[in-house]
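Participant: return atomic coordinates for the entry below.
(one chain, ligands or ions: 1)
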Amino acid sequence: MIKRCFQAILFPVILCALSNLSKAQYTIIPVETAGNALVLGVNKGKDLSIIYYGKKLANAAEYGMVSQAYRQTSDYTKVLDAAYSSSGSRNLLESAITVTHADGNNSLDLRYVSHQTTTSQEGISQTSILLRDPVYNFEVTLFYKCYTDQDVIEQWTVIKHGEKGKVTLHKYASANLHLKAKGFWLKQYHGDWAKEMQPEESKITHGIKTLDSKLGTRANLFQPSAFMVSLDKPATEDEGTVLYGALEYSGNFRTDLELDYQDNLRIISGINNYASDYTLQAGEEFQTPAFLHLLSYSGKGDASRKMHDWARQYKLLDGKGNRLTLLNNWESTYFDFNESKLKDLLKDTRKLGVNLFLLDDGWFANKYPRNGDTSGLGDWQVNRSKLPNGIATLVKEADNNGLKFGIWIEPEMVNPKSELYEKHPEWVIKQPGREEHYFRNQLVLDLANPKVQDFVFGVIDDLFKQNPGLAYIKWDCNAVIYNAHSAFLKNQSHFYIEYMRGLYNVLKRVREKYTTVPMMLCSGGGGRVDYAALQYFTEYWPSDNTDPLERIYMQWEYSYFYPAIASSNHVTDWGKQPIKYRTDVAMMGKLGFDIVVGKLNEKDLAFCQNAVKNYNDLKNIIWQGDQYRLSDPREEPVASVAYISKDKASGVVFNYLVTSRYGDGSVYPIHLKGLDPKALYSLEEINLYPGTSSSVDSEKKYSGEFLMTVGFNPVVNSGRSSVVLKLTQKN
Ligand code: GLA
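Facilitator: This is a model prediction of the structure:
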């Protein structure tokens, strides 16, 4: 019966409720995508366990035989492979959930009650499994949302009770996985400002490895929740079994990877329970954020392309849509500008040929003008001495130049030197009676307080009301939370959770009213790059570090998890490379500029103008195509990345020299990927610097087979440190 129900999942909604399980000895619940099955099993005692996560089998009944194939040591507890481990009863390892019941008892034992699978949208199915404690009126529902074609599973949990009194949740993970392999290798990331997404890969040893953040907001500054685990051997781009994981949450997260005594890997991920006991009222539902995972058997590259497809189709705001190229004034003016300077920059924007001018920090505050980062944050009134005619004049002037206009805000923050701080000290996160401690001279507003949520929403709403032509927002968030305390909340243990709920409330309200306006999630660079936030944003700012050499490495790592369309890459004066190198690197994403156009020499300007035209020509391939990492800058002197259109008819290949050692360059050919082996292609070098010519013969034709088997040499060397090739099918 179970098998029939799963085979019968068709669009539109078909409900397959399996209630009469008591007769069966062992019940299997396959949670399936196109290629994979996460199979859960229910034993006689109603324990829900993970019996398999791997390639989908044609005969679902065979999942029941998986465990017989292993001869590992005994599981004394019978819950090592629990689908959601609880604590205080049989479990001896890390738990997914820990509670204190209303009567003070600390035990929890969750047993299977029922499950159902629904298909409400083509390509998506959702399984929910209800678990209940046989002794306490306490239940947990596990949700598995499967994105069929992309092999992505989102997992979350809803916790509820009907006890007489309050229950304290000490831990409340989103997901609990259990994997079997001969060994596990973790690829994780760490960083700091201007050093985001630094990878480390290591073999997982016995015990618990925790990836976490306690920063409250800008939570990914030191570590994002995204990671990969290779099974059996470290996966490469094209080979090996690899699991991608990430928590869809912008606040404190915690992921425990525990290699247990049986040599199996348990992964438990969710909101960080650090300082966050949650008091759950009877009848209240506590819903965790989703933990996202994806398993591939064809290496990290395949996994990343599936991730990109999933993000563009289902998660990232307007993932299939358009993006605006822009000129930003941050690095060209910093806080030092006025109306006439900005009007000149608008002309420069037009000269460059990009779509939008983005006015950065420094346009607001009067009593404590925002002339530096020590004052004015929170006072979102236009600075009268810099911009006496307001923003509206600039929006109009942009329009006169055929341009759109965007603006920077950092609405969640406050400088102590501001009118907002003077007026509403109770809106600021700080410990009463303790010395304030600042991050970039600022403090964080208490979004747990609905009045603060209204204020933050109002900042954006007012900007749009006053300037209906406003076409872009750069939403920054530069501070972490120190001295976590809300003057509004009665229960401080709820602070980190309520802060995030407040943030999402605001973002929801913004998106309900301004559904399509593009917004960049800046967060000082990489501080808030996650798929919960990216539902509200069209792009993110990977790092303030725009040195193109550094960016090659960072963008490479980000690109495992996020598609190029979401990566805001600006050409700036960071780094020693020529403008061509800087621009070529920025083109591997969403192109912008942050340079003094007026200071460019004639050739540099002509190069940039032409590059913008080329970018417009190629952007759909970069944004919507399949990305292939061809040559790894950590292993080779040349970094090479290709974007190939879904129909394999066109593409673009970016190649960069990343070392300065004598003779280094593309000694060996670059093997292309993702082409039609039978088709013929030409390769044309584009983005040539004025006055230079290419050694690449664009008249030659190569079969896809040749380009993928023998490869192609872009002739990268110290005289040609950046080479962009346009690939076009010729037959
Ligand atoms: C952060 C951002 C920068 C810029 C400044 C302005 O550092 O990452 O791009 O907007 O703030 O203060």
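
Participant: next, the residue of the stretch 251-400 of the chain at minimum distance from the ligand: secondary structure please.
Facilitator: For the stretch 251-400 of the chain and the ligand, the shortest gap (Cβ to the nearest ligand atom) falls at D361, measuring 3.5 Å. Glycine gets a C-beta too; all of them are placed from N, C-alpha and C. Under DSSP: H, G, I helix; E, B strand; the rest coil, the three-state class of D361 is coil.

Participant: tally of neighbours for it?
Facilitator: D361 sits with 22 neighbouring residues when counted by other Cβ atoms under 10 Å.

Participant: ok, the most centrally placed residue in the chain - contacts?
Facilitator: For the chain, D530 is the residue whose C-alpha lies nearest the centre (Cα atoms, centre = their mean; 3.2 Å). The contact partners of D530, by Cβ atoms under 8 Å, 6 or more residues apart in numbering, come to N220, P224, S225, A226, A246, L247, E248, Y249, S250.

Participant: would you agree it falls within a strand?
Facilitator: No: D530: not assigned to a strand; according to three-state DSSP it is coil.

Participant: what pLDDT does it get?
Facilitator: D530 carries a pLDDT score of 98 in this model.

Participant: what of I9?
Facilitator: You'll see I9 listed with a pLDDT of 33.

Participant: S19 too?
Facilitator: At S19, pLDDT is 36.

Participant: quick check: buried residues in the host helix or strand of Q116?
Facilitator: Using DSSP states H and E, Q116 sits in strand 111-121. By neighbour count with 16 or more other Cβ atoms under 10 Å, strand 111-121 contains the buried residues Y112, V113, H115, T117, T118, T119.

Participant: can you redo the residues you listed as TSV, where the extra columns are pLDDT?
Facilitator: Listed next are these as TSV, based on pLDDT from 0 to 100:
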residue	pLDDT
Y112	98
V113	98
H115	98
T117	97
T118	97
T119	95
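
Participant: pipe those residues into JSON lines and attach distance to E684 per row.
Facilitator: Formatted as JSON lines, these follow (distance: Cβ to Cβ, whole Å):
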{"residue": "Y112", "distance to E684": "60"}
{"residue": "V113", "distance to E684": "63"}
{"residue": "H115", "distance to E684": "55"}
{"residue": "T117", "distance to E684": "50"}
{"residue": "T118", "distance to E684": "50"}
{"residue": "T119", "distance to E684": "45"}
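
Participant: of those, closest to S493?
Facilitator: V113 (29.5 Å; Cβ to Cβ).

Participant: contact residues of this protein facing the ligand?
Facilitator: Listed as neighbours of the ligand in the chain under the rule Cβ under 6 Å from any ligand atom: W330, D360, D361, D373, W408, D476, N478, C522, G524, G525, W541, D544.

Participant: which of those fall in strands?
Facilitator: Residues of these located in strands (DSSP state E): W408.

Participant: among the residues of the chain next to the ligand, which ones are in helices?
Facilitator: Counting by DSSP state H, the part of these found in helices is W330.

Participant: quick one: which of the residues of the chain next to the ligand is nearest to T73?
Facilitator: Distances from T73 to these, taken by Cβ to Cβ, are shortest for G525, at 46.5 Å.

Participant: thought the closest one was touching A194?
Facilitator: Yes: the criterion here is Cβ atoms under 8 Å, and G525 meets it with A194 at 6.7 Å.

Participant: so for the two, which residues contact both of them?
Facilitator: Residues touching both G525 and A194 (Cβ under 8 Å, 6+ apart) are S543, D544, N545.

Participant: dump the residue contacts of the first one.
Facilitator: It stands for S543. By Cβ under 8 Å, 6+ apart, the residues touching S543 are A194, K195, E196, M197, G525, G526, E550, R551, M554.

Participant: the second one - that's part of a strand, no?
Facilitator: What that stands for is K195. No: secondary structure of K195 (three-state DSSP): coil, not part of a strand.

Participant: sorry, back to before: which one of G525 and A194 has more residues nearby?
Facilitator: A side-by-side neighbour count of G525 and A194, using other Cβ under 10 Å, places G525 first with 27 against 16.

Participant: ok, that one - contacts?
Facilitator: Taking Cβ under 8 Å, 6+ apart as the test, what G525 contacts is W193, A194, E196, W541, P542, S543, D544, N545.

Participant: give the contact list for I579.
Facilitator: Contacts for I579 (Cβ under 8 Å, 6+ apart) come out as V571, L600, D604, F607, C608.

Participant: specify the local secondary structure of the residue in the stretch 1-150 of the chain that the ligand sits nearest to.
Facilitator: Residue nearest to the ligand within the stretch 1-150 of the chain: Q150 (30.8 Å; Cβ to the nearest ligand atom). Here Q150 is recorded as coil under three-state DSSP.

Participant: kindly report the same for K673.
Facilitator: Once three-state DSSP is applied, K673 turns out coil.

Participant: you'd agree it is up against S631?
Facilitator: No: taking contacts as Cβ under 8 Å, K673 lies outside contact range of S631: 11.1 Å.

Participant: quick one: low-confidence parts of this structure?
Facilitator: The chain contains residues with pLDDT under 70 at 1-24.

Participant: so which residues of it form helices?
Facilitator: Using DSSP H, helices in the chain cover 2-7, 299-310, 330-333, 339-352, 390-400, 419-423, 450-466, 495-513, 548-561, 579-586, 602-624, 704-709.

Participant: D238 is nearest to which of the ones you listed?
Facilitator: Per Cβ to Cβ, nearest to D238 of these: helix 299-310, 4.4 Å.

Participant: from the middle of its chain, how far away would that closest one be?
Facilitator: 13 Å (Cα atoms, centre = their mean, to the nearest Å).

Participant: ok, stretch 521-532 next?
Facilitator: Taking Cα atoms, centre = their mean, one finds the center of stretch 521-532 at 8 Å from the center of the full chain.
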